[in-house]
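Participant: sequence first, predicted model second:
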Amino acid sequence: MNKIRLPKKFNNSHITFFAIAVILFWLKSYVAYRIEFNLGIDNNLQKFLLLINPLSSALFFLGLALLFKKHTKLVMIIIDFLLSFLLYANITYYRFFNDFITVPVLLQTKTNAGQLGDSALSLMHPLDVLYFADFFILIALALTVFKHISVTNRKPFKIVLLFAITTFLFNLGLAEKDRPQLLTRSFDRNYLVKYLGAYNFTIYDVIQNIKSSSQRALADSSDITDVENYRKANYAEPNPKYFGKAKGMNVIFISMESLQNFIINYKLPDGQEVTPFLNSLTHDKNTFYFNNFYHQTGQGKTSDAEFLMENSLYPMAQGAVFVNKAQNTYQATPAILKGKGYTSAVFHGNYKTFWNRNVIYKAFGYDQFFDAEYYNMTEENTKNYGLKDKPFFKESIPLLKSLKQPFYTKFITLSNHFPFAMDPGDTDFPAGDYGDTVVNQYFQSAHYMDQALEQFFNDLKASGLYDHTVIVMYGDHYGISENHNDAMAQVLGVDEITPAINAKLQRVPLFIHVPGVKGGIQSQVGGEVDVRPTVLHLLGIDTKDYMEFGSDLLSKQHRNWALFRNGDFVASDVIQVKDKCYAAKTEELLEDPQPCKEISDNVNTELQMSDEVVYKDLLRFYKPAGYTPINPNDYDYLGPNAKTTEKNN
């Protein structure tokens, strides 16, 4: 058999091999961008930028192999594999989260590894091997056509480096023309990837994390002044009608995993209610049901929701506060209530290290943490993420009754988690029929959660706790991502999921049950950051001196808008998605974006202020009036065989 031969000047050229590697990787990246990522390409310039933005990365990273006189091909192939792996990791991550991997996310993986297997595998497809096709082609070429090549000098690297830098600067210049202040004002990673590419975004992310680490070291007490002034200017006074109406009562928070608001009062085509118990609470005389309430989580998802609820601060733009800022000083709700005589505890059917909770809960001032060690973690009772909701609530009742009252507690459910598959025998509720397995299974797992919550309420009533306990239940984040919008259009009975409809799909239910207080359906716009001041005001604790960004949902001065971590927002009249302004009622795009501008400016300011507090750890420089700081070192969560203690200094 005759061997494939190229002309000698090509056959022995490492530059030819390099050019092939660049072209293959460039084209693969562009195809992946178009197929896998919903980047919102709006004009010809953005289409052109999407085409060229992988080029500078391919030239630079693959060009590094040209520095090696020996093993040039091997180094180039290894670099190609690493870049391909990064691309595929982003593809898999994006399929559920509609977001891109950041350095803090990688740190979270180290914390949460081993518990995400089912979710990750369900996002992979056999044809995904094609994203490594160029890697295999390069190996084949290296072993055949380009078997004998060598590098005689390093001059080509200098030329390639210059070309890579020139290409990147050209790319950045055009991007800044279409999106001014791209690198300084954008809270949305989609923008950065659309304009600069996934690989350049990774470099940007590394730089941002280095910058974040240095911010704390350089901060001082004067940095809190602007935040304090902003806070005072935007404080919503408590409503006298409700202030202190729950004073001295117990408090129970329940995080309802992945529960979106569209499921409330939703019926399958056969007429069956998916969440009959929660539906009944929308008409309960002592329950406030907020039907225009939004999650505001970032990459930390459930942990971000916890952070928002207990600190009234926004989560990080990249990564999770629970992992990346656990060393910070906080003035969380458990610590505030400790000064009012409250005992605090968390109940969670997973192990204490998941999401670094055993560390950050100490910074929040939680007295006890009842994790998986306190529960009967049999194979029948557990799913991948921990204890199923029904046994979790049933086994929690004796632990709850053991607490000294008044108490502040939090229950974190697990069963209604992507991909929402139920074990045989857990439910006889029918799946949906919308041509999408994930969406179909969602109705079953949501129904199971609803039954578990009803069981818990009944047990609270039997225990005698119900009549003097405030119960706050909230959906922590979305459950069904944009990747399932075709099926969700069927669920909602619309032709398509437009950007405005998708924003409204970020609504999650919020219920606040207050014994003896008349509730009702509440339609004001709010978000998770607003819950802490609402609850503390019900307990008779004024939050005016605390550095928080929430607005009391029951206040007459409530601002009636909710922002998302990427800078989008929903208001009573308008919705902004990716710098485009929509009418909230009709969901139609407005030609004039001016109605959104004032709120947009407030949103950007608020996110920047919150980031100042979190990234610079500014609460270490601030002590609210009447607040007694807590010391995280005073707490240990030792498990059921060793009593959890609060040490004395």
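Facilitator: Received the coordinates, thanks.
Participant: residue ranges with poor pLDDT in the stretch 151-300 of the chain?
Facilitator: The stretch 151-300 of the chain contains residues with pLDDT under 70 at 151-154, 184-188, 212.
Participant: go again with 80.
Facilitator: Low-confidence segments of the stretch 151-300 of the chain (pLDDT under 80): 151-155, 179-191, 208-215.
Participant: mind jotting down where the helices sit in it?
Facilitator: Along the stretch 151-300 of the chain, the stretches classed as helices by DSSP state H, counting those that start in this stretch are 155-178, 182-185, 189-196, 198-218, 224-233, 276-281.
Participant: quick one, which of the ones you listed gets closest to residue 54.
Facilitator: helix 198-218 (6.8 Å; Cβ to Cβ). Quick note: C-beta positions are derived from backbone N, CA and C, even for glycine.
Participant: who does the closest one touch, helix- and strand-wise?
Facilitator: Judged by 3 or more Cβ pairs under 8 Å, 6 or more residues apart in numbering; DSSP states H and E, helix 198-218 is in contact with helix 14-36, helix 44-63, helix 72-97, helix 103-112, helix 189-196, helix 594-616.
Participant: report the angle between it and helix 14-36.
Facilitator: Angle of helix 198-218 versus helix 14-36, following axes from the mean of the first three to the mean of the last three Cα atoms, to 10 degrees, is 80 degrees.
Participant: show me the contacts for the nearest residue to residue 328 once chain neighbours are set aside.
Facilitator: Nearest non-adjacent residue to residue 328, counting by Cβ to Cβ, 6 or more residues apart in numbering: residue 617, 4.5 Å away. Residues near residue 617 by Cβ atoms under 8 Å, 6 or more residues apart in numbering: 216, 219, 325, 327, 328, 329.
Participant: for the fourth one, list the residues it contacts.
Facilitator: The reference is to residue 327. Under the criterion of Cβ under 8 Å, 6+ apart, the neighbours of residue 327 are 363, 617.
Participant: coming back round to it: out of the helices of the stretch 151-300 of the chain, flag the one nearest residue 507.
Facilitator: With Cβ to Cβ as the measure, helix 276-281 is the member of these nearest residue 507 (13.8 Å).
Participant: which ones are touching the residue lying closest to residue 61 once chain neighbours are set aside?
Facilitator: Nearest residue to residue 61, sequence neighbours excluded (Cβ to Cβ, 6+ apart): residue 79, at 5.5 Å. Counting by Cβ under 8 Å, 6+ apart, residue 79 touches 61, 62, 64, 65.
Participant: pretty sure the last one sits against residue 15.
Facilitator: The reference is to residue 65. No - using Cβ atoms under 8 Å, residue 65 is not in contact with residue 15; the gap is 11.3 Å.
Participant: more neighbours: those two, which one.
Facilitator: Using other Cβ atoms under 10 Å as the criterion, residue 65 and residue 15 rank with residue 65 on top: 24 against 14.
Participant: so what's that one scoring on pLDDT?
Facilitator: Per-residue pLDDT puts residue 65 at 90.
Participant: ok, the one 10 residues further on next?
Facilitator: Per-residue confidence (pLDDT) for residue 75: 93.
Participant: residues touching it, list them.
Facilitator: Residue 75 is in contact with 64, 65, 68, counting by Cβ under 8 Å, 6+ apart.
Participant: how far away is the last one from residue 596?
Facilitator: To tie it back to what came earlier, the one meant is residue 68. 52 Å (Cβ to Cβ, to the nearest Å).
Participant: so these two - more neighbours on which side?
Facilitator: More crowded of residue 68 and residue 596, by other Cβ under 10 Å: residue 596, with 23 against 16.
Participant: if we can go back for a sec, and of the contacts of residue 75, the nearest to residue 464?
Facilitator: Using Cβ to Cβ, the contacts of residue 75 come closest to residue 464 at residue 64, 68.7 Å.
Participant: distance of that closest one relative to residue 25?
Facilitator: 13 Å.
Participant: and for residue 362?
Facilitator: For residue 362 relative to residue 25 (Cβ to Cβ), the value is 46 Å.
Participant: give me the more crowded residue out of these two.
Facilitator: residue 25 (26 against 19).
Participant: is it true that the more buried one touches residue 56?
Facilitator: No - if you go by Cβ under 8 Å, residue 25 and residue 56 don't touch, sitting 11.9 Å apart.
Participant: who are the contact partners of residue 364?
Facilitator: Taking Cβ under 8 Å, 6+ apart, we find residue 364 in contact with 310, 311, 330, 332, 333, 334, 335.
Participant: not counting sequence-adjacent ones, nearest residue to the last one?
Facilitator: Put plainly, it is residue 335. Going by Cβ to Cβ, 6+ apart, residue 335 has residue 365 as its nearest residue, at 3.3 Å.
Participant: what residues go with each domain of this protein?
Facilitator: 8-216, 223-566+617-646 (automatic domain parsing).
Participant: mean neighbour count, those domains: which tops it?
Facilitator: Most buried of the domains of the chain, by mean neighbour count (mean count of other Cβ atoms under 10 Å): domain 223-566+617-646, with a mean of 20.
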